[in-house]
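Chemist: Dropping a prediction and its sequence here:
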Amino acid sequence: MKSKNFNNDSKRISAELSSYYIAEATARAILDSKSFLIHTEKPFRLTSGLLAPFYINCRQILSHPQARGIIANGLANIIKPLNANMVAGGVTAGVPYATMVADRLDLPLVYVRGEPKEHGTGAQIEGGRVVGQQIVLVEDLVTTGKSVINFSKILRDEGAIIDNVVVMFTRPTDDAVSKIENLGIRLSSLCDLKVLLRIALEDGVANKNQLKEVYSFLEDPRGWSLANDK
């Protein structure tokens with residue numbers, strides 16, 4: 001009995017270590033591709049209208065083959081045991097990553113538009129029929145969760161089975177994860193902001209003063225934005 005417990009514990013610890021190293025490798029891929037930017041003096045304007053001292057542009061990774069490969073392998077490692085028979089990518093940022101994963105796992109691929117086309121067939125899903133297919137949705141990142149939720153609903157409305165969403169990076173708002181989980185969807189990611197900031201400091205990409213501003217923003221985004229809107 002003790003041997004059985006030891007084996008189970010060993011498998012669990014091995015999985016945790018694997019996730020740990022994948023998270024670090026992903027963080028370094030993001031940093032090496034210059035996809036993570038910190039500008040405390042000239043902050044970034046977000047789609048919400050708020051100013052932020054940092055910005056993550058996952059599309060930048062696509063022009064860096066080594067970083068791109070690390071991300072694709074990490075996503076494929078998570079998706080492989082999920083027994084999916086199709087991969088879906090959300091337009092536009094999720095499509096390249098979904099494509100790379102589908103190639104690695106030799107699975108069919110579809111992509112999903114947030115809105116129907118205004119011409120042709122007017123389709124929101126391209127690449128094949130999804131009725132009855134066990135699909136994993138791939139995205140680059142999750143913050144508010146709106147895109148992931150929208151894409152998942154579109155796929156489900158067409159008869160697809162969506163139980164898992166896998167993303168490269170997460171910086172979810174307080175209610176994003178609960179909204180996704182309330183749909184019966186499990187959200188998995190390679191890396192989160194906590195790991196990314198730690199590696200950025202360790203590798204000298206960011207200094208303590210810059211990270212102080214980032215954490216200040218995270219504690220009160222609106223307050224930080226107002227204070228720095230010069």
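Modeler: Sure thing, it's come through.
Chemist: residue ranges of the helices in this protein, please?
Modeler: Counting by DSSP state H, the chain has helices at residues 2-32, 65-79, 94-105, 146-157, 176-181, 193-202, 208-219, 221-228.
Chemist: tell me the most buried of these?
Modeler: Mean neighbour counts were compared across these using mean count of other C-beta atoms under 10 Å; the top stretch is helix 94-105, at a mean of 22. Using the backbone N, CA and C atoms, a C-beta is placed for each residue, glycine as well.
Chemist: ok, residues contacting that one?
Modeler: 62, 68, 71-73, 75-76, 79-80, 87-90, 107-109, 111, 137-140, 151, 168 (C-beta atoms under 8 Å, 6 or more residues apart in numbering).
Chemist: Which residues are in contact with L109?
Modeler: 86-89, 98-99, 102, 127.
Chemist: would JSON lines of the residues you listed with pLDDT and distance to K117 be doable?
Modeler: Formatted as JSON lines, the contacts of L109 follow (pLDDT from 0 to 100; distance: C-beta to C-beta, whole Å):
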{"residue": "M86", "pLDDT": "98", "distance to K117": "21"}
{"residue": "V87", "pLDDT": "98", "distance to K117": "21"}
{"residue": "A88", "pLDDT": "98", "distance to K117": "17"}
{"residue": "G89", "pLDDT": "98", "distance to K117": "16"}
{"residue": "A98", "pLDDT": "98", "distance to K117": "19"}
{"residue": "T99", "pLDDT": "98", "distance to K117": "20"}
{"residue": "A102", "pLDDT": "97", "distance to K117": "22"}
{"residue": "G127", "pLDDT": "96", "distance to K117": "14"}
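Chemist: so what's the residue nearest to E24 when sequence neighbours are not counted up against?
Modeler: Distances taken as C-beta to C-beta, 6 or more residues apart in numbering place I199 nearest to E24, at 6.2 Å, with adjacent residues excluded. By C-beta under 8 Å, 6+ apart, the contact list for I199 reads 24, 27-28, 31, 205.
Chemist: Q133 is nearest to which of the helices of the chain?
Modeler: Smallest distance to Q133 across the helices of the chain (C-beta to C-beta): 8.8 Å, for helix 146-157.
Chemist: what about that closest one, distance to the chain center?
Modeler: What separates the centre of helix 146-157 from the centre of its chain is 15 Å, taken as C-alpha atoms, centre = their mean, to the nearest Å.
Chemist: returning to what we had before: quick one: which two of the contacts of L109 are the most distant?
Modeler: So, those by C-beta to C-beta: farthest apart are M86 and T99, at 12.7 Å.
Chemist: what separates the closest residue to N83 other than its chain neighbours from V112, distance-wise?
Modeler: Of all residues not flanking N83 in the chain, Q134 sits nearest, at 6.5 Å (C-beta to C-beta, 6+ apart). Distance of Q134 to V112, computed by C-beta to C-beta, to the nearest Å: 16 Å.
Chemist: The two - which one has more neighbours?
Modeler: V112 (28 against 15; other C-beta atoms under 10 Å).
Chemist: Need the pLDDT of that one.
Modeler: V112 is assigned 97 on the pLDDT scale.
Chemist: Hmm, G128 and it touching each other?
Modeler: No. V112 is beyond contact range of G128, at 12.0 Å (criterion: C-beta atoms under 8 Å).
Chemist: on that earlier part again, for the residue nearest to N83, give me its contacts.
Modeler: Contacts of Q134 (C-beta under 8 Å, 6+ apart): 83-86, 161, 163.
Chemist: Many thanks, have a good one.
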